[in-house]
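1. What shape does this take:
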Amino acid sequence: MKYDVVIIGGGMAGLMSSIYMAEQGFKTAVVSKGDPVCSISTGCIDVAGDFTGIPENHPYGRAGEDKIRLSLDYFKKLMEKEGLPYIGEFLQNRFIYTSIASRRATSMVPLSMAEAHEAKKGSIHIISFKGMKDFFPGYFKGEENNQNISIFDAGSKTTIGIATSFDDLTFREKFFNWIGDQTIDADVIAVPAVLGTKNPQAIIDEIEKISGKKIFEIPTLPPSMPGLRLFRTLKRAASQRGVDLFWGNAISDYTEEKGQIQSLIIDQPGRPTIVESRSFILATGSFVSGGLFAEKTSVRETVFDLNVSIPEGEQRLNDSFFDPGHPLGRAGIAVDEKYKPVNSIMKNLFIGGSILENSQIMKYQCGHGMAIVTGLESAKSCEEYLK
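-> Prediction:
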């Protein structure tokens with residue numbers, strides 16, 4: 001199998017790269033060893049907690065404000081077209097509620113969470129589900145003793161189980177009848193994000209019609225349905241644009257000749273699959289996704305064994321590894337202005353996503369946003385190379 005471009009990694013950066021390249025007419029494939037971190041996320045797009053504190057050597061510094069805006073606009077238009085619209089602006093954070101009733105800042109949210117931004121805790125009527133795991137309506141009471149909570153018996157206790165039930169018309173009608181019997185005096189209704197496995201807007205519209213109240217979803221603990229909806233929508237969008245998906249198998253090796261990667265060798269039962277391409281985009285993520293692997297005194301890139309930039313003398317793991325400011329957050333692949341890895345002879349390789357050096361996604365709260373921007377920018381550099 002021969003392609004114009006093969007993207008390694010099926011997360012936000014990889015899928016956005018693949019969709020863009022396919023839309024430009026390139027024969028495209030994605031190779032992923034499994035479902036990515038974005039599939040268990042809140043589904044919100046964190047662009048940055050505060051842009052004023054981001055240093056110039058961060059990947060956003062290379063892209064610049066205009067390209068960041070263009071990339072995020074591309075994402076929003078794509079999601080609108082695919083039937084899962086997002087709202088929000090990248091320089092203006094908005095708030096959502098979490099499953100333990102705290103408020104969290106983000107940048108762009110699915111339309112189903114839009115009303116959370118203005119909602120005040122004491123004016124929310126919580127609808128939950130009997131025995132449901134990963135959602136804690138009692139936290140919404142706190143000091144607000146007038147807080148109302150209604151509990152519906154969905155016959156399932158899991159997020160995915162309840163969401164799947166909402167895909168069924170008979171179940172929805174039973175729930176709508178129950179809603180009509182509730183006394184809801186609060187300004188707005190909040191419900192855990194289980195209103196179907198796809199776009200929940202039709203269900204939300206019906207609840208608003210019956211109750212006369214605005215409603216918003218609250219993401220549960222992982223796996224959260226908004227993250228799954230986002231991932232499945234992007235994966236479907238890629239497939240519909242002709243992207244071939246090699247899913248669920250690891251890369252065991254690759255071939256290279258005269259500074260050009262020629263092919264990837266993918267582990268599969270029976271005999272390996274060889275995938276040839278004119279160019280490659282590496283978007284395997286950082287430590288959590290397995291793109292980087294930390295050893296006692298070094299960090300290794302796991303596909304091509306590229307040089308990894310690490311803070312000198314601070315590369316050891318320790319008890320504070322998950323602290324947002326840990327030095328290993330700066331570890332990653334150094335690239336030039338075309339998103340090609342520096343100190344590498346591979347002329348047809350481009351890098352995108354959180355595997356880039358100085359990403360520090362926990363510190364700067366920029367995970368999905370940076371993945372979108374660098375995924376698209378690395379794809380545009382690859383497009384220029386191919387042309």
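
2. How far does the helix or strand hosting Arg172 sit from its chain's centre?
-> Assigned by DSSP states H and E, Arg172 falls within helix 169-180. Mean C-alpha position of helix 169-180 versus that of the full chain (CA atoms, centre = their mean, to the nearest Å) differs by 31 Å.

3. Phe287 is in contact with Ala294, isn't it?
-> Yes: the pair Phe287 and Ala294 passes the contact test of CB atoms under 8 Å, sitting 6.1 Å apart. Any C-beta I mention is one placed from the backbone N, CA and C, and that applies to glycine too.

4. shared neighbours of these two, which are they?
-> Taking CB atoms under 8 Å, 6 or more residues apart in numbering as the contact criterion, the common neighbours of Phe287 and Ala294 are 328, 331.

5. low-confidence ranges in the stretch 101-250 of the chain?
-> Residues of the stretch 101-250 of the chain that meet the criterion pLDDT under 70 lie in 142-147.

6. 90 instead?
-> Under the criterion pLDDT under 90, the flagged ranges of the stretch 101-250 of the chain are 101, 119-123, 133-148, 183, 185, 187, 221-223, 249-250.

7. ranges for the helices of it?
-> With DSSP state H, counting those that start in this stretch as the criterion, the stretch 101-250 of the chain has helices at 159-166, 169-180, 201-211, 225-240.

8. got a list of contacts for the shortest one?
-> Going back to what we said before, that points to helix 159-166. Residues lying outside helix 159-166 but in contact with it, judged by CB under 8 Å, 6+ apart, are 129, 132-135, 154-156, 171-172, 175, 192-197, 200, 203, 220, 223-225, 228.

9. Any chance you could give me it in CSV, C-alpha atoms only?
-> Output of helix 159-166 as CSV, limited to C-alpha atoms (Å, rounded to 0.1, in the frame of the first residue of the first chain):
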residue,chain,number,x,y,z
THR,A,159,-21.9,6.5,31.7
ILE,A,160,-21.7,4.6,28.4
GLY,A,161,-24.6,2.3,29.4
ILE,A,162,-26.9,5.2,30.1
ALA,A,163,-25.8,7.1,27.0
THR,A,164,-26.5,4.1,24.8
SER,A,165,-29.9,3.8,26.3
PHE,A,166,-30.6,7.4,25.2
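
10. Give the buried residues for it.
-> Neighbour-count burial for helix 159-166, with 16 or more other CB atoms under 10 Å as criterion, is recorded at 159, 162-166.
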